[in-house]
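Trainee: coords please:
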Amino acid sequence: MIIYEAQVAPEWVDYNGHMNDAEYARVFSQACEALIDHIGLDAAGREHHGYTIYTLETHLCYRREAHQGQPLYVDLTLLDSDAKRLHVFFAMFDGEDNLIATSEQMLMGMKQSSGRPSPFPEAVTNRVAELPQASKEAWPELAGRTIGLRR
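Mentor: Here you go, the predicted structure:
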């Protein structure tokens with residue numbers, strides 16, 4: 001499911017002539033915002049439900065350079081979820097369908113009045129159920145990775 005589309009802006013390009021690492025995170029952050037809107041927690045939904053989403057953890061993998069003016073799109077896969085958490089996987093591609101980067105994220109639903117974790121409102125749960133979900137046996141290759149030196 002394509003959740004977000006962008007184009008590499010001139011101000012995103014660093015001294016190496018390609019998109020700066022922080023800008024990859026920006027694109028994935030915008031993709032996460034698009035997901036949050038998609039499941040019914042846009043500004044109106046947050047106000048109506050008194051509910052929001054926090055990011056608990058991210059793991060970003062850089063696979064290719066992106067250059068000024070290059071079109072990008074971000075694909076979403078739901079890896080897992082429960083009553084108040086989403087484990088999501090975003091994959092960023094260029095206009096020729098080359099994998100540019102990935103971002104695996106753990107998101108938590110929060111009641112705004114208490115600032116504490118809380119189960120998703122029913123309408124949000126229903127929208128989450130409609131997201132494309134990978135089975136445990138068919139996760140994207142780069143999902144579930146740990147960071148460390150290979151010995």
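Trainee: which helix or strand contains L78?
Mentor: For L78, the host element (DSSP states H and E) is strand 71-81.
Trainee: helices and strands around that strand, which ones?
Mentor: Contacts defined by 3 or more Cβ pairs under 8 Å, 6 or more residues apart in numbering; DSSP states H and E place strand 71-81 against strand 2-7, helix 21-38, strand 85-94. For every residue, glycine as well, the C-beta is placed using N, CA and C.
Trainee: and the nearest residue to L99 once chain neighbours are set aside, how many neighbours?
Mentor: Nearest non-adjacent residue to L99, counting by Cβ to Cβ, 6 or more residues apart in numbering: R63, 5.0 Å away. By other Cβ atoms under 10 Å, 13 other residues sit near R63.
Trainee: now R63: how far from E11?
Mentor: Applying Cβ to Cβ, to the nearest Å, the value for R63 to E11 is 22 Å.
Trainee: so which residue is smack in the middle of this protein?
Mentor: Nearest to the geometric centre of the chain sits C32, at 4.0 Å (Cα atoms, centre = their mean).
Trainee: mind checking how far that residue is from E104?
Mentor: Computed as Cβ to Cβ, the C32 to E104 distance reads 12 Å.
Trainee: ok but E47 is inside a helix, no?
Mentor: Yes: assigned with DSSP: H, G, I helix; E, B strand; the rest coil, E47 falls within a helix.
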